[in-house]
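J.: next come a sequence and a model predicted from it.
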Amino acid sequence: MSDAYIALADGRVLEARARAPGRTRGELVFTTAYTGYEESLTDPSYAEQVLTFSYPLIGNYGVRSERFESETVQPRAAIAREFTDDVAEWLAGEDVPAIDHLDTRELVTTVREEGAMACGIAAGEDVTPEDAIAEMEACKPMSDHVDIGAGVSVAEPELHEADTAGEADARIALLDCGAKGSIIESLNARGADVHVLPYDAAPADVSAVDPDVLFISNGPGDPENFVAAKEVVDAFAGELPLAGICLGQQIVASALGGDTEKMTFGHRGVNQPVKDLRTDRVVMTTQNHGYTVADPGPLEVTQINVNDDTAEGLEDEELGILTRQYHPEANPGPHDSLDFFDDVLAMADSTTEIAAD
Ligand SMILES: NC(=O)CC[C@H](N)C(=O)O
């Protein structure tokens, strides 16, 4: 008798071992990252998803809150071939179901072939396969989570001061659609004050901060549902330099007349190769996304994914727009693309010069 089950939308039910009990449902996705489980499990972009680690052993360097990207565990459940006790205890303490001792290679192959899909999990004493099936049947498609930003954004504006407190070189308005903490830290470390605004802030809320750059964060769900953020981008494009990471890139492109589409299984891992089309330089990047910019609208695609040619960087020098589909803040690494933040802050400098002229 097993004490855990996962039901898949394709009709299969797999047996597993319960490491943290509970019943839940979500979109089944996988990451190939072999380090960075603390960062992944606290990345708000995983809201409403069930995260499978393709690497077989997760947790062998413990759990330290210094590495968290947000204050809570974000996916609805976690799956690995084997979790260490440290990770299992952390997830149990956070009431996030976790299961292991199942064939995660089969799970990953299924998602690669059939796409990210609904799943249901039941773990703990006395659970039955029917419990997992009932959860799976109640699972909504990701695009139906129309207000997903509400669960991951700040409720009120917050100021995160530059490490050079009192002597900030730039002021950033960060629209928090589920921002990873290390995006804020990367900006603070480069001398920028970061005014974090709720995901549904109005253009007037952005003006109130009088920023040098408007920055749209990463976040969960379907970018087309972030209607207020698109209105903000539309209001400030050409007026203020604009930057975005991941969901931020998708929102900027969509707001300016482009389009996004759902990928079959997405990109989640820490070794995604990205090529800059102007220099032919390839860097390794951290990624976590299930949607992609299919039509960049007026923006130029300056970087692409080497594996599937999808858009990884969008720019418009005249409008002052710079976005990345991957995660330049690079926690857990690699750090190849950290200079993105220097390029964003250079846009802030250029507006200061324009204003001074
Ligand atoms: N990390 C992100 O910002 C993810 C963006 C979006 N939710 C996607 O899955 O594509």
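T.: Yep, it's here.
J.: which element is residue 234 on?
T.: helix 227-236 (DSSP states H and E).
J.: what helices and strands are in contact with that helix?
T.: Identification of packing neighbours for helix 227-236 by 3 or more Cβ pairs under 8 Å, 6 or more residues apart in numbering; DSSP states H and E yields helix 203-209, strand 213-216, helix 247-255. The C-beta positions use only the backbone N, C-alpha and C, and glycine is treated the same way.
J.: that helix versus helix 247-255: what angle between them?
T.: Helix 227-236 and helix 247-255 meet at an angle of 70 degrees, taking axes from the mean of the first three to the mean of the last three Cα atoms, to 10 degrees as the criterion.
J.: tell me which helix or strand comes right after helix 227-236.
T.: From helix 227-236 onward toward the C-terminus, using DSSP H and E, the following helix or strand is strand 242-245.
J.: buried stuff in that following strand?
T.: 242-245 (16 or more other Cβ atoms under 10 Å).
J.: what's the closest of these to the ligand?
T.: Taking Cβ to the nearest ligand atom as the measure, the ligand sits nearest to residue 245 out of the buried residues of strand 242-245, at 6.8 Å.
J.: just to revisit the earlier point, of the helices and strands packed on helix 227-236, which is nearest the ligand?
T.: By Cβ to the nearest ligand atom (comparing all of the helices and strands packed on helix 227-236), the closest turns out to be helix 247-255, at 3.5 Å.
J.: average pLDDT across the closest one?
T.: On average, the pLDDT along helix 247-255 is 98.
J.: now the angle from the following helix or strand past it to helix 247-255?
T.: Counting by DSSP H and E, the next helix or strand C-terminal to helix 247-255 is strand 259-276. Between strand 259-276 and helix 247-255, the angle comes out at 130 degrees (the same axes, to 10 degrees).
J.: buried ones in strand 259-276?
T.: 260, 262-263, 265-270, 272, 274-275.
J.: quick check: next helix or strand after that strand?
T.: strand 282-295.
J.: in its sheet, which strands sit next to whichever helix or strand comes after that next one, and in what direction?
T.: Downstream of strand 282-295, the next assigned helix or strand under DSSP H and E is strand 300-305. Sheet pairing of strand 300-305 (DSSP bridges) gives strand 259-276 (antiparallel), strand 311-316 (antiparallel).
J.: closest to the ligand out of these?
T.: strand 259-276 (6.3 Å).
J.: may I have the closest one exported as PDB, CA atoms only?
T.: Taking Å, rounded to 0.1, in the frame of the first residue of the first chain, the C-alpha atoms of strand 259-276 are listed here in PDB:
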ATOM      1  CA  ASP A 259       1.700  38.600 -28.500                       C
ATOM      2  CA  THR A 260       2.600  35.700 -26.200                       C
ATOM      3  CA  GLU A 261       1.800  32.000 -26.400                       C
ATOM      4  CA  LYS A 262       2.000  29.000 -24.200                       C
ATOM      5  CA  MET A 263       4.900  26.600 -24.800                       C
ATOM      6  CA  THR A 264       4.500  22.800 -24.600                       C
ATOM      7  CA  PHE A 265       6.600  22.300 -21.500                       C
ATOM      8  CA  GLY A 266       8.600  25.600 -21.200                       C
ATOM      9  CA  HIS A 267      12.100  26.300 -20.000                       C
ATOM     10  CA  ARG A 268      13.000  25.600 -16.300                       C
ATOM     11  CA  GLY A 269      16.600  25.000 -15.300                       C
ATOM     12  CA  VAL A 270      20.000  26.600 -14.800                       C
ATOM     13  CA  ASN A 271      21.800  25.800 -18.100                       C
ATOM     14  CA  GLN A 272      19.600  27.300 -20.800                       C
ATOM     15  CA  PRO A 273      21.900  28.700 -23.600                       C
ATOM     16  CA  VAL A 274      21.100  32.200 -24.800                       C
ATOM     17  CA  LYS A 275      22.800  33.800 -27.800                       C
ATOM     18  CA  ASP A 276      23.100  37.600 -28.400                       C
END
